[in-house]
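>>> Everything below, folded, please.
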Amino acid sequence: MKKRMMVLLLAAAMGMAMAGCQYGGDADAKSEQEETKKEGTKRSEEKSGLSGTVTLAAAASLEYAFEEELIPAFEELYPKVTIEGVYDSSGKLQQQIESGLAADLFFSAAPTQMSTLDEEGMIDSDSIVSLLENKIVLIIPTSSDASFASFEDITDANTVAIGDPKSVPVGQYSQESLTNLGLWDAVSAKASFGTNVTEVLNWVAESSADCGIVYATDAATTDRVKVVAEAPADSLKSPVLYPVAMTKEAPNQEAAEVFYEFILSDDAMTIFESYGFTDYRSAE
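Now for the predicted structure:
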């Protein structure tokens, strides 16, 4: 009997010891998991150690893509960085940068403005990339019953909305296309010139103009206009390109470089393409 009692006590002791080991093992595993989590958090904080404001000077036609998706996505990755977008015609942005706008990046809707700033020593030449391609299209109000069927039918309109060729890239492309089609003189005589592509789009959407010429990507942002035709390919000497670059005196260079690389990434390109832009990188 005494011997049996000893066996039972020994078995109980071994069971408690094994339970203790199991508990200790669980505790050690939990502690190890917590350490791993802390290390992961630390690495994440180091990765997002960038901070401050990055100013992006971008063509008006890029605003939806940046404000709706690209900027929120980047700021989620780097919560201490704020991207401040300044949107207007590329010509006006060029003038603002020349007048002291502290932009970290410039994303133009045409090579001309980028080249001018580069020649003036205000752009990091090595960072210039022709990233996107767009198209120019003839649009009319959705409510219009006009029988436009081609780009050349623009001469049938009483009022035409076009970007100002003096400073608005879409206006410069419009002038080039219409000139090569032999239509510029007739169209310009009855044209209202907008200060940027958004203004041109709104004039047509509000039926303030019978028709207008905008980028295909802008036409796709509203159901108040419909596309009649795309500019004939041979009416433009070169494609409608969007170059992006860092400015030479970027105020927040470290964060701006990371944002610049993000813009050039495949993930960002997928977003640009969802807004109607075409990837031009492989064509360079």
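>>> quick one, what contacts residue 177?
Contact analysis of residue 177 by Cβ atoms under 8 Å, 6 or more residues apart in numbering lists 136, 151, 213, 231, 232, 235, 236. Using the backbone N, CA and C atoms, a C-beta is placed for each residue, glycine as well.
>>> Kindly recompute the last result at 7 Å.
136, 231, 235, 236 (Cβ atoms under 7 Å, 6 or more residues apart in numbering).
>>> same question, residue 222
Taking Cβ under 7 Å, 6+ apart, we find residue 222 in contact with residue 205.
>>> what's the answer for residue 151, then?
Residue 151 makes contact with 138, 229, 231, 232, according to Cβ under 7 Å, 6+ apart.
>>> Same question for residue 141.
Counted by Cβ under 7 Å, 6+ apart, residue 141 has contacts 204, 205, 207, 224, 225.
>>> Grab the two from the residues you listed that are most spread out in space.
Maximum pairwise distance in these, criterion Cβ to Cβ, is 9.8 Å, between 207 and 225.
>>> Those two: which is more packed in?
Using other Cβ atoms under 10 Å, the more surrounded residue of residue 207 and residue 225 is residue 225, with 26 against 15.
>>> my guess is that one meets residue 203, correct?
No - using Cβ atoms under 7 Å, residue 225 is not in contact with residue 203, being 10.0 Å away.
>>> mind listing what the residue sitting nearest the centre point of the chain touches?
Residue closest to the average C-alpha location in the chain (Cα atoms, centre = their mean): residue 66, at 4.0 Å. Counting by Cβ under 7 Å, 6+ apart, residue 66 makes contact with 56, 58, 85.
>>> Could you check the pLDDT of the nearest residue to the last one once chain neighbours are set aside?
Pointing back at residue 85 there. Computed as Cβ to Cβ, 6 or more residues apart in numbering, the closest residue to residue 85 that is not its neighbour in sequence is residue 56, at 5.0 Å. Per-residue pLDDT puts residue 56 at 98.
>>> And the helices in the stretch 1-150 of the chain?
2-47, 63-65, 71-77, 90-98, 111-119 (DSSP state H, counting those that start in this stretch).
>>> One more: the stretch 151-284 of the chain?
169-180, 184-188, 197-205, 216-219, 253-263, 266-274.
>>> Thank you kindly, that will do.
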